[in-house]
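Engineer: take this sequence and fold it.
(chains A and B, ligands or ions: 2)
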Amino acid sequence: MSFQLPKLNYDYNALEPYIDATTMEIHYTKHHGGYTNNLNAAIEGTSLSELPIEEILKDISKHSAAVRNNGGGFYNHNLFWEIMGPNGGGMPSGELLKAIEKTFGSFQEFKDKFSNAAATRFGSGWAWLIMQNGSLKVFSTPNQDNPLMDVAEQKGFPILGLDVWEHAYYLKYQNRRPEYINNFWNVINWKAVEEKYMIGLK
Amino acid sequence: MTHTLPNLPYSAEDLSPAISAKTIEFHHGKHHQAYVNNLNNLIVGTKFENADLETIIKEADGGIFNNGAQVWNHTFYFFAFSPKPQKAPTGKLLDLINAQFGSFEQFKEKFTSAAASLFGSGWAWLVVNKEGKLEITQESNAGNPIRKGLRPLLTCDVWEHAYYLDYQNRRPDYLKGFWDIIDWKVIEERLK
Ligand SMILES: [Fe+2]
Ligand SMILES: [Fe+2]
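Structural biologist: Residues are numbered from 1 along each chain as shown, chains lettered A, B, ... in the order given. Ligands and ions are numbered 1, 2, ... in the order given. Below is the predicted model of the structure:
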């Protein structure tokens, strides 16, 4: 069995003007495609090739750097495409909104905290909203690490992630990462995030 | 002391096609400048307020280290380029390269591979170690070999901002162009 680059549920230009079509195309086909191919090459012929990605990430400290980097890259981008979409933005509702308000005080305070985690990650990495023992938490990881990995500073189930590698925004925003982060809020598919939250509750 | 952004010894368009004017303008004018500004803001009221960059690289942590090292790294990177470079090392530097790597060609391959395989943001380095021999090393993010007691001669920035406007995901193409603009006269001077 090998991992497949998942189909995008929208066109490359669907997140314009916040994320441009060229960035989407290169990010998806070259970067995500690259992680997928490299992951498959790294696990080919090993017992890992029989496992779901989550199982591989859970014991990542036992595996090679190639599995960690590309396995993380594969999973993280899968999630990233899922939690964005056309006609996105706005606010979450229902149980997730309640949990956000309970944990962070308000949706705005959550936004500030998440944006700050994304802005202050030095170098390449990701900002996350995760579920940890039933409660929400915001933090960031370096490179392609993620909260499913045993090496992560905070462990949990990710329901929202923002890629702050420069490749995610450089063609459109160059050095202006804060502007990219600010615009990310316009393309979040909160329905998808809410679904993940419900899965995480179980 | 207030740190300042050094002017480049060439014009932004001079390194094209290896590196475009647009990339140099952002890289030097925005990124390098931001590291200088951040450093100046962060050191106020700390014991690094009057420290030089090497001291900061050796002793600081967190934001002061990150920004201080990035100021040093970028100056070191930009000043190795020339529109009319001496294309290859000579003399003592060439002898050291041959002794350590077999040939200049083999050295280039090894350095290129270190730069290509560094995952995430960072720098590839050619350094002189404590025994006076050459070594190729990798550093993540703002890392600088001075902190480990090594003496840098050459560095390549492989943060994506160094090449994304010109090459996007094709880091190996950026590395090919890199060798065309390295002025080995500068590197020989650094060895002295
Ligand atoms: Fe990415
Ligand atoms: Fe740089």
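Engineer: which helix or strand lies directly C-terminal to the lengthiest helix in chain B?
Structural biologist: In chain B, ranked by residue count with DSSP state H as the criterion, the top helix is helix B:62-78. Under the assignment DSSP states H and E, the closest C-terminal helix or strand after helix B:62-78 is helix B:91-101.
Engineer: please name every helix or strand in contact with that next one.
Structural biologist: Contacts defined by 3 or more CB pairs under 8 Å, 6 or more residues apart in numbering or on different chains; DSSP states H and E place helix B:91-101 against helix B:104-117, strand B:134-140, helix B:184-191. Every C-beta, even on glycine, is put in place using the N, C-alpha and C of the backbone.
Engineer: residues of chain B that sit close to chain A?
Structural biologist: If contact is defined as CB under 8 Å from any CB of the partner chain, the residues of chain B in contact with chain A are B:26, B:30-31, B:34, B:66, B:119-122, B:140-142, B:159-161, B:164-165, B:168-169.
Engineer: could you redo the last one with a cut-off of 7 Å?
Structural biologist: B:26, B:30-31, B:34, B:66, B:119-121, B:140-141, B:159-161, B:164-165, B:168-169 (CB under 7 Å from any CB of the partner chain).
Engineer: low-confidence ranges, chain A, go.
Structural biologist: Low-confidence segments of chain A, defined by pLDDT under 70, are located at A:1.
Engineer: same deal with chain B?
Structural biologist: Counting by pLDDT under 70, chain B contains no low-confidence residues.
Engineer: where does the residue lying farthest from the centre of it land in three-state SS?
Structural biologist: The outermost residue of chain B, judged against the average C-alpha position, is residue B:45 (28.9 Å), by CA atoms, centre = their mean. Secondary structure for residue B:45, judged by DSSP: H, G, I helix; E, B strand; the rest coil, is coil.
Engineer: how much space separates it from residue A:17?
Structural biologist: 42 Å (CB to CB, to the nearest Å).
Engineer: how about residue A:185?
Structural biologist: 14 Å.
Engineer: what about those two, which has more around it?
Structural biologist: Comparing residue A:185 with residue A:17 by neighbour count (other CB atoms under 10 Å in any protein chain shown), the higher total belongs to residue A:185, at 16 against 9.
Engineer: just give the closest residue to that one, not the sequence neighbours.
Structural biologist: Beyond its immediate neighbours in the sequence, the residue positioned closest to residue A:185 (CB to CB, 6 or more residues apart in numbering or on different chains) is residue A:89, lying 6.1 Å away.
Engineer: close to ligand 2, is the longest helix of chain B?
Structural biologist: No: contact of helix B:62-78 with ligand 2 is not found when judged by CB under 5 Å from the ion; the minimum separation is 5.6 Å.
Engineer: what does that helix contact?
Structural biologist: Counting contacts by CB atoms under 7 Å, 6 or more residues apart in numbering or on different chains, the residues outside helix B:62-78 that touch it are A:122, B:3, B:6, B:8, B:28, B:32, B:35-36, B:38-39, B:42-43, B:46, B:48, B:53, B:56-57, B:60, B:123, B:141-142, B:144, B:152, B:155, B:157.
Engineer: again, but for stretch B:82-98
Structural biologist: B:10, B:14-15, B:104, B:107, B:134, B:181-185, B:187-188, B:191.
Engineer: skip the chain neighbours and tell me the closest residue to residue A:165.
Structural biologist: Counting by CB to CB, 6+ apart, residue A:165 lies nearest to residue A:124, which is 4.3 Å off, once chain neighbours are set aside.
Engineer: is it true that that neighbour touches residue B:121?
Structural biologist: Yes: the pair residue A:124 and residue B:121 qualifies as a contact (CB atoms under 7 Å) at a distance of 4.7 Å.
Engineer: kindly indicate whether the residue nearest to residue A:185 is helix, strand or coil.
Structural biologist: State at residue A:89, reduced to three classes by three-state DSSP: coil.
Engineer: ok, it - contacts?
Structural biologist: The neighbours of residue A:89, taking CB under 7 Å, 6+ apart as the test, are A:185, A:186, A:187, A:188.
Engineer: ok, back up a step: between the longest helix of chain B and strand B:134-140, how many degrees?
Structural biologist: Interaxial angle, helix B:62-78 versus strand B:134-140 (axes from the mean of the first three to the mean of the last three CA atoms, to 10 degrees): 130 degrees.
Engineer: and residue A:51, how far from ligand 1?
Structural biologist: Noted for residue A:51: a distance of 23 Å to ligand 1, by CB to the ion, to the nearest Å.
Engineer: tell me how many other residues surround that residue.
Structural biologist: Residue A:51 has 15 neighbouring residues, counting by other CB under 10 Å.
Engineer: can you name the residues that contact it?
Structural biologist: The contact partners of residue A:51, taken as CB under 7 Å, 6+ apart, number zero.
Engineer: on the three-state scheme, residue B:155 is what?
Structural biologist: Residue B:155 is classified as strand under three-state DSSP.
Engineer: swap that for residue A:113, please
Structural biologist: Residue A:113 is classified as helix under three-state DSSP.
Engineer: name the nearest residue to it, sequence neighbours excluded.
Structural biologist: Counting by CB to CB, 6+ apart, residue A:138 is the residue found nearest to residue A:113 once chain neighbours are left out, at 4.9 Å.
Engineer: pull up the pairing partners for the one helix or strand the one you found maps to, direction included.
Structural biologist: Assigning secondary structure by DSSP H and E places residue A:138 in strand A:135-142. Looking at strand A:135-142 with DSSP bridges, its partner strands are strand A:125-132 (antiparallel).
Engineer: would you mark the buried spots in the partner strand?
Structural biologist: Applying a neighbour-count criterion of 16 or more other CB atoms under 10 Å in any protein chain shown, the buried positions in strand A:125-132 are A:125, A:126, A:127, A:128, A:129, A:130, A:131.
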